[in-house]
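Novice: okay, sequence plus prediction incoming.
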Amino acid sequence: MAKRIVKKKIRRSNKPCGYCKAKTEPNYKEVEGLKVGLSNKMRIVARVYSGLCLKHQRRLTREIKKARHMALIPFVQKV
């Protein structure tokens, strides 16, 4: 018999996202605020790990990309 593969579910907490709680929006000029959505390798992290709602995750992604093109955030981590 073949083994049955069980998928692990990642549980999301019911906490409100940081931007909803503070009633602010992500802005490409605030580089420290954008670091919430970046990993240590400067990749954009998923909603599950950043803890943001869908609306703010989309906006954060857009603002990170703007900041990268304006050279406020590097595309990759320096070695």
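Specialist: Received it, and whenever you're ready, just let me know what you need.

Novice: quick one: low-confidence ranges for the protein?
Specialist: 1, 10-13 (pLDDT under 70).

Novice: where do the helices sit along it?
Specialist: Here the chain has its helices, by DSSP state H, at 18-22, 31-34, 47-50, 54-69.

Novice: now for the last one, which elements pack on it?
Specialist: Contacts of helix 54-69 with other secondary structure elements, assessed using 3 or more CB pairs under 8 Å, 6 or more residues apart in numbering; DSSP states H and E, are made with helix 18-22, helix 31-34, helix 47-50. Every C-beta, even on glycine, is put in place using the N, C-alpha and C of the backbone.

Novice: Arg59: which of these is closest?
Specialist: Of all these, helix 18-22 sits nearest to Arg59, with 8.1 Å by CB to CB.

Novice: just send the helices of the chain back as CSV, with mean neighbour count too.
Specialist: Shown next, in CSV, are these (neighbours: other CB atoms under 10 Å):
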stretch, mean neighbour count
helix 18-22, 14
helix 31-34, 15
helix 47-50, 14
helix 54-69, 17
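
Novice: which one of those lies closest to Val6?
Specialist: Using CB to CB, these put helix 47-50 closest to Val6, at 18.6 Å.
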